[in-house]
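1. sequence-free structure coming up:
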């Protein structure tokens, strides 16, 4: 779920609360943005266009080193944002493939590795986005955010878990709703709809 990715990105900023609290706000914002930004490719080349599991992870290393040597809001934000985006791409491989009903397990495309020039197969440790175990991951990640974060971070973490819970309840019916909505679209629009919805 996008909410789980957002929470994971926020969690990457938690060490700054103890080490450099003045830099924590920039880190939390960057973690949130980096955690959700890869999914901006949702309707075109999803999990390929903005997902970089290898290159993103490699780019994170010098960014973290720079932030450690020259800790400013900008360097910390870049490091946490890159780390969150890389974690998002890597975490997608732990879930399901790209399909309208991922609980059926018919797709072998979890995330594209530009380095390897191929799709990484889904591990299905989290069976699909919106599965109960996805909510479990979100809840576990939210605990330290609620315990250690400030007011806005705590409120955001609680809100993201609440949205996650609603999504888990609606996830399977949403596939049917999407299918019906796509069927109602004019034929001239359908070429712009991702193949998994057709």
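-> Nice, I can see it. Small disclaimer: the values here were computed from a predicted structure and weren't measured. Numbering: from 1, shown residues only.
2. Check the gap between residue 39 and residue 152 for me.
-> Between residue 39 and residue 152 the computed distance is 22 Å (C-beta to C-beta, to the nearest Å). Heads up, the C-betas are built off the backbone N, CA and C, glycines and all.
3. more neighbours, the two?
-> residue 39 (18 against 11; other C-beta atoms under 10 Å).
4. contacting residues for the more buried one?
-> 2, 5, 46, 50, 88 (C-beta atoms under 8 Å, 6 or more residues apart in numbering).
5. ok, now which ones touch the last one?
-> Residue 88 sits next to 5, 8-9, 34-39, 51 when contact means C-beta under 8 Å, 6+ apart.
6. Where does it sit, in terms of helix or strand?
-> Secondary structure from DSSP states H and E places residue 88 in helix 73-92.
7. so what does the helix or strand that that helix is followed by touch, helix or strand wise?
-> Counting by DSSP H and E, the element after helix 73-92 in chain order, helix or strand, is strand 111-113. Counting contacts by 3 or more C-beta pairs under 8 Å, 6 or more residues apart in numbering; DSSP states H and E, strand 111-113 is packed against helix 53-69, helix 73-92, strand 118-120.
8. any idea how far residue 183 lies from residue 189?
-> From residue 183 to residue 189 the distance is 12 Å (C-beta to C-beta).
9. Output the longest helix belonging to the chain.
-> helix 151-184 (DSSP state H).
10. for the record, mean pLDDT for it?
-> Helix 151-184 shows a mean pLDDT of 96.
11. Number the chain from 841, please
-> In the new count, where the first residue is 841, that last one comes out as helix 991-1024.
12. What residues of it count as buried?
-> 993, 996-997, 1000-1001, 1004, 1007-1008, 1011, 1015 (16 or more other C-beta atoms under 10 Å).
13. Looking at those, which is nearest residue 980?
-> Lowest distance from residue 980 to the buried residues of helix 991-1024 (C-beta to C-beta) belongs to residue 1001, with 10.1 Å.
14. residues contacting the closest one?
-> 843, 847, 975, 978-979, 982 are the contacts of residue 1001 under C-beta under 8 Å, 6+ apart.
15. Within the helices and strands, which one has the residue nearest to it when sequence neighbours are not counted?
-> In this structure, residue 1001 finds its nearest non-sequential neighbour in residue 982, 4.9 Å apart by C-beta to C-beta, 6 or more residues apart in numbering. Secondary structure assignment for residue 982, by DSSP H and E: helix 972-988.
16. Can you name every helix or strand that that helix contacts?
-> helix 842-851, helix 854-859, helix 991-1024.
17. Quick check: the gap between residue 853 and residue 981.
-> Distance from residue 853 to residue 981, by C-beta to C-beta: 12 Å.
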